[in-house]
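*Asks:* all I have is the shape, not the residue letters:
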């Protein structure tokens, strides 16, 4: 399996698929804002758990948490973050996988998702 990370300029899922987000929120922007708020609260906790698991060498715990976080990201329409978290899950499941690189990539995608969410919410002043 190729564990290299794609460069930021390679084709990857979009940062925020507004269609998926609005579908999950029943086309209600207030619900979309609430969903994203909940997602980012949970993601903060999950990223702490992943870092702790990586530090302790608990690859199976890291893989499980990355899988859970990826599901939330996909539900909210954060495709690039979901992709990075799925890759993190795969890397954590491999004894030779580079956990540090995986966590750094997922962290960068989380920040990109936060910026996209802020931009989306700022469009109509619901932030």
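*Replies:* Thanks, I have it. Just so it is clear, the structure is predicted and the values come from calculations on it, not from any experiment.
*Asks:* burial of residue 110, as a residue count?
*Replies:* Neighbours of residue 110 under the rule other CB atoms under 10 Å: 22. In this view, the C-beta of every residue, glycine as well, is placed from N, C-alpha and C.
*Asks:* what's the pLDDT at it?
*Replies:* Looking at residue 110, its pLDDT stands at 97.
*Asks:* how about residue 97?
*Replies:* 88.
*Asks:* pretty sure it contacts residue 91?
*Replies:* Yes. In this structure, residue 97 is within contact of residue 91 by CB atoms under 8 Å, at 3.4 Å.
*Asks:* higher neighbour count, the two?
*Replies:* More crowded of residue 97 and residue 91, by other CB under 10 Å: residue 91, with 25 against 20.
*Asks:* host element of that one?
*Replies:* Assigned by DSSP states H and E, residue 91 belongs to helix 79-92.
*Asks:* how far out from the middle of the chain is the helix or strand following that helix?
*Replies:* As assigned by DSSP H and E, the chain's next helix or strand after helix 79-92 is helix 99-122. From the chain centre to the centre of helix 99-122 is a distance of 7 Å (CA atoms, centre = their mean, to the nearest Å).
*Asks:* got the contact list for helix 99-122?
*Replies:* 5, 15-16, 18, 21, 32-33, 36, 40, 43, 47, 50-51, 54, 59, 62, 66, 73, 78, 80-81, 83-85, 87-88, 91-92, 127 (CB atoms under 8 Å, 6 or more residues apart in numbering).
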